[in-house]
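Undergrad: Pasting a predicted model and its sequence here:
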Amino acid sequence: MNYSNPIEHLYQEELYKLAPKVLVIIPLPWDTMSEPDQLLLSKILGSVKRTLASVQVLTLSEAETDDLLFYQPSRIIAFGPSIKVSGKTIQPYKSFSHKQVIVLQADGLDQLDDAKKKNLWNVLREMFQV
């Protein structure tokens, strides 16, 4: 092997490019969430090819989208907490873009019935293009 040009043997930048962050907001600390709710969240994330290890989970009762931009997310999913844009509450199960971040407000994990899960799945499919 010829090492006359060591730069040729470096890894391409694409290898180091990290996927954009997904921010998941829940109303209660993780250790107080029921095991079925934790499992449901894992399944929801799995449906869009994500894992708990690949997202950032925050515990907040309410949040302003501009404050969440600090975490540099590409997408924000709130399960239960109220997400606001310029002080206004957003409509649940309708994704919208705010400063190039896609935001989704959903009901709490313990409140998701079959109809709400179907609405959630339709919006997530659009958000994550799956």
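TA: Cool, the structure landed.
Undergrad: give the contact list for V55.
TA: Residues in contact with V55 (Cβ atoms under 8 Å, 6 or more residues apart in numbering) are K21, V22, L23, V24, L45. For glycine as for every other residue, the C-beta is placed from the backbone atoms N, C-alpha and C.
Undergrad: Is K49 in a helix, a strand, or coil?
TA: Here K49 is recorded as coil under DSSP: H, G, I helix; E, B strand; the rest coil.
Undergrad: if I read this right, it contacts F128, doesn't it?
TA: Yes - between K49 and F128 a contact is recorded at 7.2 Å, counting by Cβ atoms under 8 Å.
Undergrad: Where is the longest helix in the protein?
TA: If you go by DSSP state H, the chain has its longest helix at helix 114-128.
Undergrad: Average pLDDT for it, rounded please.
TA: Averaging pLDDT along helix 114-128 gives 95.
Undergrad: Tell me which helix or strand in the chain has the weakest average pLDDT.
TA: One helix or strand of the chain scores below all others by mean pLDDT, DSSP states H and E: helix 13-16, with a mean of 58.
Undergrad: coming back round to it: packing partners of the longest helix of the chain?
TA: Packed against helix 114-128 by the contact rule (3 or more Cβ pairs under 8 Å, 6 or more residues apart in numbering; DSSP states H and E) you find helix 35-47, strand 73-79, strand 101-106.
Undergrad: so of the ones you listed, which one's packed in deepest?
TA: Most buried of those, by mean neighbour count (mean count of other Cβ atoms under 10 Å): strand 73-79, with a mean of 23.
Undergrad: partners of the next helix or strand after that one in the sheet?
TA: The helix or strand immediately downstream of strand 73-79 is strand 82-85, counting by DSSP states H and E. If you go by DSSP bridges, strand 82-85 pairs up with strand 62-64 (parallel), strand 88-89 (antiparallel).
Undergrad: how close does Q111 get to P27?
TA: Using Cβ to Cβ, to the nearest Å, Q111 is found at 11 Å from P27.
Undergrad: Buried members of the contacts of V55 into PyMOL, please.
TA: A single PyMOL command is used to select the members of those judged buried by 16 or more other Cβ atoms under 10 Å:
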select buried, resi 22+23+24+45
